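Undergrad: Turn this into a model:
(2 chains)
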Amino acid sequence: MASRYNHRTTEPKWRAAWSEARIFEAGEPDDRPKSFVLEMFPYPSGRLHMGHVRNYAMGDVVARYKMLKGFNVLHPMGWDAFGMPAENAAMQRGVHPKGWTYDNIAAMKQQFELLGLSLDWSREFATCDPEYYAQQQRIFIAMMQKGLVYRKTSKVNWDPVDMTVLANEQVVDGKGWRSGAEVETRELEQWFFKITEYADDLLDEVLKLENWPEKVRLMQANWIGKSRGATIRWPIVGDAAATHGEAIEVFTTRPDTLYGASFLAIAPDHAITKALAADNPEIAAFQKECAKLGTSEEAIEKAPKLGIDLGIKVRHPFDPDWEIPVFAANFVLSAYGSGAVFGSPAGDQRDLDFARKYGLPVNPVVLPPDADAETHAIDTEAYTGPGTIYNSDFLNGLSTKDAINAAIEKLEELKLGEGATTYRLRDWGVSRQRYWGCPIPVVKCEKCGTNPVPDDQLPVRLPDDVTFDVPGNPLERHPTWKHTNCPVCGGEALRETDTLDTFADSSWYFARFAAPSDDKPVDADLAAYWLPVDQYIGGVEHAVLHLLYSRFFMRAMRDCDLVPLQSGEPFAALFTQGMVTHETYKSADDKWLSPEEIEQKDNALIEITTGKPVAVGPIEKMSKSKKNTVDPTEIISDFGADVARWFVLSDSPPERDVEWTQSGVEGSWRFAQKVWAVVDELPEGAPAYGVALPDMDDAATEIRKASHRALQAIEDAIESFRFNSAIATVHEWVNALRKAESLEGTPAVLAARVEAAGFLAHALVPFMPHLAEECWARIGGTGLVSAGTWPVVEDSLLKDDTISMPVQVNGKKRAEIQVAADASKDDIEAIALSNEQVTAHTSGKTVRKVIVVPGRIVNIVVG
RNA sequence: GCCCCUGUGGCGGAAUUGGUAGACGCGACGGAUUCAAAAUCCGUUUUCUUCGGGAGUGCCGGUUCGAGUCCGGCCGGGGGCACCA
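TA: Coordinates of the predicted model:
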């Protein structure tokens, strides 16, 4: 009878052994192939959640597997430690962001260590460490000197009561989350990174990243949003030209629809709108109304489309007698193109809605392929597809595509426009009017302008003596911090009080892991060896911004000679994993209940304290507000880290969400016991693992086939990120091994069972590493199996002499035949056609066609 | 609103390239063991059926000898939308 496996004693024992042997510390560069495995580093919220467990369990599968496969593995961990939650904690609870953050890091690290991950903690850092942000300031200054950083005004959400800038998430229904005041947009002078300089390269290269999910590549391409079209200058009619300039420039992808134009719409904050608002209260009021929408694209797109006639007119570029009204409209973005569009209502739904609302003409100019020019009309639905141009003078009869080119040619001839490419991608605004971030290392002097802080004065440190009792930026109101001397003239000057967007911190941390304490941002030789990251793993919610910014940073750092990469691509392979979800529960009086507050009684769920029935709600992402979280630390204490890891990987494909269930975890726990039993029940006197095998009998060969096939399948599944399939294979394999325990213990069978146990120990290392070590020790293996070598499968054991093939008649399965594995198509066809169950369905009919896919299927077409 | 993804038994899911739909796990049911229970072990478990077979991968249609897989349309769920990380 096998003993029980006790995780409480074995797990700490093996973690201590790994730590003592230092097997997870990446060595110096050597002859082995390298593998840099990285999971997105966490924000130190203070508690590990199940989403973390899943993310890091996946990374650990890859890192440990690569180690066994003989790679020199770098698998580091750090902390994305700057950000708003620390300041919120400071405001709500009076704790200092620094203390709060480092306490959280300490608490989370303790929880992390319980998981038994193969992390190289010797390289740990936090982005709020002055040693880290000092290097980030160096990068900022290098980018400044390279011309990749500049200042311009841009819009922010402004809370007029708290007198502070709000993040989009701090704006709830157009109101400040604390003050409840209606949010305004305000313009501030801010710092920008010139990411648009790399727009084409970022687009071209992302499409080539074959080991990235297709959907992420698409999302990035759409985000960059390259579109070809034309810029068109519409001459302003009359006196207005003197005040507002000769013409209004618009960008369009559809110059073919120019003859359908019925209005121009410019942004509420376009220069012309601003100028007119100065002495027109109606326009000023409209501007103010638009400002309430905030800065998010979502809010702008969802808002009802509003406009106001500005009272000025422009001439149509192809017909000087045709005058068109100019509106300001809330759906026009000042940051895209030139902040102005022309409306061609018949060919664009938004323009059509706008035209109907304000009584503007709707002239169809594109005739759909099967439509009749006499009867085709636009009512409430615009026609946006291709077709033939009509009602359009010299463009008549052309296809939409040819008309686009013809229109551009004509515009260039008239010098009223030209072909152009525009990007949706905007430059990256990095200024934040907040304390807990990397200070922007510049000094503003009235005489000398804005200059970088000299290198020997870096880092510009955050002051510790700050308060959060009043809203606003503590750096701005600190009594002394911003006062300094100009690095050029030495006179009195002011520090920049904005800090950097925390996305900057996470845009290069991976490169820092190559040499985390170097006195340059990145050590050239070590970065050349370790970069790029071979496998990056994280949530799909970072598909656009974090990954795009990191790709920009690598290019910028390369062009500033800070990193010796040619490609500029930081992540060779990317995997995006799904979330951990859980059922939600509500009490009789409609309050959320946590899983601990309920119990099962007589086939129904009741609330423990009241005994009243509990309603089961939808399965949702674990969150504190829904009280459907499960604490990893408790699970680890009850079932062990191995079981927690096994479960989060077992039930769903890694890229999809996994639903946490108590019964599922219990199933994983039973399985761990079963594995232990298979190994522990090997009888005394069994041979050692790895010695030459005795002559095999049939039973022993079957065991060996099961082991070698399982190992091969697990290997394939890990390589292709199908961890749930790998786990299913382990289940089948262990079930087969349990059955083999009842076989007579011949020397051959015993040897095969020992081989199986040794294979199993290795195969479990990536998933249940503590149990793997315990099994390895039980069969007398030398050293740590985590530091061992993945076993080699014997090809001869993977193949069978005869295989079974399904036979279909007219696509329906009718029989199963046994054929030699190397049988020819003709032989297979003959066997299939003579099969009794087949002839039952073919007799009396003509065999028209026989399709034989060797090893797969036979399909007989009769009729 | 725009962009992207996703949908298979009671449940999570498997089916790697267009080739036996439902592997593996959970739950449920039946049995063994037990004084009893827990634990463990064995078996059944898509559905209908006249036991021959029929239907079936969100819905409707298409391509193909063959579709969960490819194409078109529709419906439901999720992610992102530039100051949450």
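Undergrad: who in the stretch 51-200 of chain A is up against RNA strand B?
TA: Counting by C-beta under 7 Å from any atom of the strand, the stretch 51-200 of chain A comes close to RNA strand B at A:80, A:82-85, A:156-157, A:165-170, A:188, A:190. C-beta coordinates here come from the backbone N, C-alpha and C atoms, glycine included.
Undergrad: For the stretch 301-450 of chain A, which residues are neighbours of RNA strand B?
TA: A:301-302, A:424-426, A:428-429, A:431-433.
Undergrad: Of those residues - the most surrounded one?
TA: residue A:432 (25 neighbours; other C-beta atoms under 10 Å).
Undergrad: element containing residue A:232?
TA: Element membership of residue A:232 [criterion: DSSP states H and E] is strand A:227-235.
Undergrad: now the residues of the stretch 301-450 of chain A next to RNA strand B in JSON lines, with pLDDT and secondary structure?
TA: Putting those into JSON lines (pLDDT from 0 to 100; DSSP: H, G, I helix; E, B strand; the rest coil) gives the following:
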{"residue": "A:301", "pLDDT": "81", "secondary structure": "helix"}
{"residue": "A:302", "pLDDT": "82", "secondary structure": "helix"}
{"residue": "A:424", "pLDDT": "89", "secondary structure": "coil"}
{"residue": "A:425", "pLDDT": "91", "secondary structure": "coil"}
{"residue": "A:426", "pLDDT": "90", "secondary structure": "coil"}
{"residue": "A:428", "pLDDT": "93", "secondary structure": "strand"}
{"residue": "A:429", "pLDDT": "92", "secondary structure": "strand"}
{"residue": "A:431", "pLDDT": "93", "secondary structure": "strand"}
{"residue": "A:432", "pLDDT": "92", "secondary structure": "strand"}
{"residue": "A:433", "pLDDT": "92", "secondary structure": "coil"}
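Undergrad: Just give me the closest of the residues you listed to residue A:15.
TA: Here the nearest of these to residue A:15, counting by C-beta to C-beta, is residue A:432; it sits at 39.2 Å.
Undergrad: sorry, back to before: residues contacting the strand holding residue A:232, please?
TA: A:241, A:246-255, A:258, A:264, A:314-317, A:320, A:324, A:337-338, A:342, A:404, A:407-408, A:411, A:416-424 (C-beta atoms under 8 Å, 6 or more residues apart in numbering).
Undergrad: Nearest to RNA strand B: which residue in the stretch 451-600 of chain A?
TA: residue A:541 (3.7 Å; C-beta to the nearest atom of the strand).
Undergrad: my read is that residue is in a helix, agree?
TA: Yes: counting by DSSP: H, G, I helix; E, B strand; the rest coil, residue A:541 is found in a helix.
Undergrad: State the pLDDT value of the closest residue in space to residue A:435 that isn't next to it in sequence.
TA: Residue nearest to residue A:435 in three dimensions, not counting chain neighbours: residue A:474, with 4.5 Å by C-beta to C-beta, 6 or more residues apart in numbering. With respect to pLDDT, residue A:474 has a value of 93.
Undergrad: could you point out where chain A is predicted with low confidence?
TA: For chain A, residues meeting the criterion pLDDT under 70 lie at A:1-2, A:599-605, A:616-618, A:625.
Undergrad: do the longest helix anywhere in it and RNA strand B meet?
TA: Scanning chain A for the longest helix, with DSSP state H as the assignment, gives helix A:698-719. Yes: counting by C-beta under 7 Å from any atom of the strand, RNA strand B is contacted by helix A:698-719 at A:713, A:716-717.
Undergrad: For these, pick the one with the most neighbours.
TA: So for the residues of helix A:698-719 next to RNA strand B (other C-beta under 10 Å), the most neighbours sit at residue A:713, 21 neighbours.
Undergrad: Just the buried residues out of the contacts of strand A:227-235, in ChimeraX syntax.
TA: Applying 16 or more other C-beta atoms under 10 Å to the contacts of strand A:227-235, the buried members can be selected in ChimeraX as follows:
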select /A:247,248,249,250,251,252,254,255,258,264,314,315,316,317,324,337,338,342,404,407,408,411,416,417,419,420,422,423,424
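Undergrad: out of the contacts of strand A:227-235, which are inside helices?
TA: A:241, A:404, A:407-408, A:411.
Undergrad: Can you pick out the most distant pair from those residues?
TA: Pairwise across those, and taking C-beta to C-beta, the largest span is found between A:241 and A:404, at 28.4 Å.
Undergrad: and the first helix or strand past the longest helix of chain A going along the chain with helix A:698-719, angle?
TA: For helix A:698-719, the following helix or strand on the C-terminal side (DSSP H and E) is helix A:723-740. Orientation check (axes from the mean of the first three to the mean of the last three C-alpha atoms, to 10 degrees): helix A:723-740 against helix A:698-719 gives 170 degrees.
Undergrad: does any part of helix A:723-740 sit near RNA strand B?
TA: Yes: using C-beta under 7 Å from any atom of the strand, helix A:723-740 reaches RNA strand B at A:724-725, A:727-728, A:731-732, A:735, A:738-739.
Undergrad: What helices and strands are in contact with that helix?
TA: For helix A:723-740, the contact count by 3 or more C-beta pairs under 8 Å, 6 or more residues apart in numbering; DSSP states H and E identifies helix A:641-650, helix A:662-680, helix A:698-719, helix A:747-764 as packing neighbours.
Undergrad: Quick check: buried residues in it?
TA: Under 16+ other C-beta under 10 Å, the buried positions of helix A:723-740 are A:723-727, A:729-731, A:733-734, A:736-737, A:740.
Undergrad: Centre of the chain to that helix, how far?
TA: Distance of helix A:723-740 from the chain centroid (C-alpha atoms, centre = their mean, to the nearest Å) equals 32 Å.
Undergrad: could I get that helix in CSV with only the CA atoms?
TA: Extracted in CSV, the C-alpha atoms of helix A:723-740 (Å, rounded to 0.1, in the frame of the first residue of the first chain):
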residue,chain,number,x,y,z
PHE,A,723,-0.7,22.5,-21.8
ASN,A,724,-4.2,21.2,-21.2
SER,A,725,-3.5,18.5,-23.8
ALA,A,726,-0.2,17.7,-22.2
ILE,A,727,-2.0,17.2,-18.9
ALA,A,728,-4.7,15.0,-20.5
THR,A,729,-1.9,12.8,-21.9
VAL,A,730,-0.3,12.5,-18.4
HIS,A,731,-3.7,11.4,-17.1
GLU,A,732,-4.0,8.7,-19.7
TRP,A,733,-0.5,7.5,-19.2
VAL,A,734,-0.8,7.3,-15.4
ASN,A,735,-4.1,5.4,-15.7
ALA,A,736,-2.3,2.9,-18.0
LEU,A,737,0.5,2.6,-15.5
ARG,A,738,-1.9,1.9,-12.6
LYS,A,739,-3.5,-0.9,-14.6
ALA,A,740,0.0,-2.3,-15.3
